[in-house]
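> sequence first, then the predicted structure, then my questions.
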Amino acid sequence: MDYEAYAKVMKALSDPKRVKIIDMLSYGALCACDILEQFDFTQPTLSHHIKVLVDSGLVTVEKTGTWHHYSLNEMKMDQLVTETIKMASVKTTAIG
């Protein structure tokens, strides 16, 4: 993951509501209606938060009829954790 992609993911996680959505999805796929029940905002606001998470690659969407089911992109989550550990580790030489 390059710096631009990493920053995009971190920006997506900069909102506590989106972090909560990630936490909710860590238990399994959910439809928008199930996610919305846990918040005190409108469906368009949820759509905005979901779009940010999908655009960052952290969340995937599967459409079944008129329903949208959201899931964590586990590979992207693993990559984020790995890259964060690498970036935060003590190094012997500077980057670049």
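Cool, the structure landed.
> for this structure, which residue occupies the most central location?
The centre of the chain sits closest to residue 58, judged by Cα atoms, centre = their mean, with a distance of 3.5 Å.
> please, where are all the strands along this structure?
30-31, 59-64, 67-72 (DSSP state E).
> shaky segments in this protein?
Within the chain, the ranges that satisfy pLDDT under 70 run 91-96.
> tell me the contacts of the residue nearest to the centre of the chain?
9, 12-13, 22, 72-73, 76-77, 80 (Cβ atoms under 8 Å, 6 or more residues apart in numbering). C-beta coordinates here come from the backbone N, C-alpha and C atoms, glycine included.
> residue 71 too?
By Cβ under 8 Å, 6+ apart, the neighbours of residue 71 are 25, 28-29, 59-62.
> most neighbours of all these, which one?
Highest neighbour count within the contacts of residue 71, by other Cβ atoms under 10 Å: residue 59, with 24 neighbours.
> how near is that one to residue 23?
12 Å (Cβ to Cβ, to the nearest Å).
> next one: residue 3
Distance from residue 3 to residue 23, counting by Cβ to Cβ: 26 Å.
> repeat that for residue 2.
26 Å.
> check what contacts stretch 9-25 and list those residues.
Defining contact as Cβ under 8 Å, 6+ apart, one finds that stretch 9-25 is touched by 1, 30, 35, 38-39, 41, 49-50, 52-53, 55-59, 70-72, 76, 80.
> report the buried residues of it.
The neighbour-count check on stretch 9-25 (16 or more other Cβ atoms under 10 Å) flags 9, 12, 18, 21-22, 24-25 as buried.
> send me that stretch as PDB with only the CA atoms.
The C-alpha atoms that make up stretch 9-25 are tabulated as PDB, following Å, rounded to 0.1, in the frame of the first residue of the first chain:
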ATOM      1  CA  VAL A   9      -7.800   4.400   4.500                       C
ATOM      2  CA  MET A  10      -6.800   6.300   7.600                       C
ATOM      3  CA  LYS A  11      -9.000   9.200   6.600                       C
ATOM      4  CA  ALA A  12     -11.900   6.800   6.200                       C
ATOM      5  CA  LEU A  13     -11.300   5.700   9.800                       C
ATOM      6  CA  SER A  14     -11.000   9.300  11.100                       C
ATOM      7  CA  ASP A  15     -14.700   9.400  11.900                       C
ATOM      8  CA  PRO A  16     -16.000   7.500  15.100                       C
ATOM      9  CA  LYS A  17     -19.200   6.500  13.300                       C
ATOM     10  CA  ARG A  18     -17.200   4.800  10.500                       C
ATOM     11  CA  VAL A  19     -15.100   3.100  13.100                       C
ATOM     12  CA  LYS A  20     -18.300   1.800  14.800                       C
ATOM     13  CA  ILE A  21     -19.500   0.500  11.400                       C
ATOM     14  CA  ILE A  22     -16.200  -1.300  10.900                       C
ATOM     15  CA  ASP A  23     -16.600  -2.800  14.400                       C
ATOM     16  CA  MET A  24     -20.100  -3.900  13.600                       C
ATOM     17  CA  LEU A  25     -19.100  -5.600  10.400                       C
END
